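Visitor: Got a predicted structure here, sequence first:
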Amino acid sequence: GDSVTQMEGPVTLSEEAFLTINCTYTATGYPSLFWYVQYPGEGLQLLLKATKADDKGSNKGFEATYRKETTSFHLEKGSVQVSDSAVYFCALMIDRGSTLGRLYFGRGTQLTVWP
Amino acid sequence: NAGVTQTPKFQVLKTGQSMTLQCAQDMNHEYMSWYRQDPGMGLRLIHYSVGAGITDQGEVPNGYNVSRSTTEDFPLRLLSAAPSQTSVYFCASRRSGEMTEAFFGQGTRLTVV
């Protein structure tokens, strides 16, 4: 079935370090891919998205490129800040047929950034 | 702008009790979903709905019921609470169509003792 696999955390970085959080997916069709972020005590909110191969989603300095050949959607940021400390979720959606309406999430990666 | 509203924020139940978690959205979204979040497990889909009168099971539906009588509301019912249902529950809604953003409520932290 459709699923998402994220690198396990927690990830601890110093401010201004480079961040990569790996995400790979398994899907029977051609999914849309998302990264969501959850700040402490809050619900999830959309960070970025991509709908087809080679699309790059970007927001707040974060980027992720939809790689069909490697079924991946890795999240990157060149210089993290303390305020980026949160849990990051990779997700996929295939809004057709039996998976209509479903949004699948990875297990989440906790990021802590130290000053 | 209210968005997705969940009530209550916190709840403690005794084993065997029943209760309903409320979820309401004011964005006229067709799709609504319930997830539970457990440490190390990410978000797992409990039930979802693609429109009023239409619901379906997700990955972990056992012990939960839903109904969707209106576009706005999507309550989640725990029939007979068990300690394994201790979790944080999130409701989400989105428009139909691919690549649409899901909007989440603030969550309900449920403890079953």
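Guide: Okay, I see it.
Visitor: Check the spacing between the residue most central in space within chain B and A:D54 real quick.
Guide: The residue lying closest to the centre of chain B (CA atoms, centre = their mean) is B:W34, at 2.9 Å. For B:W34, the distance to A:D54 (CB to CB, to the nearest Å) stands at 34 Å. Glycine gets a C-beta too; all of them are placed from N, C-alpha and C.
Visitor: gap between A:Y36 and A:E69?
Guide: Shown here: A:Y36 relative to A:E69, a distance of 24 Å by CB to CB.
Visitor: out of those two, which sits in the more crowded spot?
Guide: Higher neighbour count among A:Y36 and A:E69: A:Y36, with 26 against 7, using other CB atoms under 10 Å in any protein chain shown.
Visitor: residues near the residue lying closest to B:D73 once chain neighbours are set aside, how many?
Guide: Spatial nearest neighbour of B:D73, chain neighbours left out: B:A24 (5.2 Å); criterion: CB to CB, 6 or more residues apart in numbering or on different chains. B:A24 has 19 neighbours, counted by other CB under 10 Å.
Visitor: ok, for B:Y64, nearest residue in space, not its chain neighbours?
Guide: Leaving aside its chain neighbours, B:Y64 sits nearest to B:I46 (5.3 Å; criterion: CB to CB, 6+ apart).
Visitor: close to chain B, is the helix or strand of chain A with the lowest mean pLDDT?
Guide: Among the helical and strand segments of chain A, the one scoring lowest on mean pLDDT, DSSP states H and E is strand A:103-105, with a mean of 87. Yes - Strand A:103-105 reaches chain B (CB under 8 Å from any CB of the partner chain) through A:L103, A:Y104, A:F105.
Visitor: now A:Y88, nearest residue through space, not along the chain?
Guide: A:T109 (5.1 Å).
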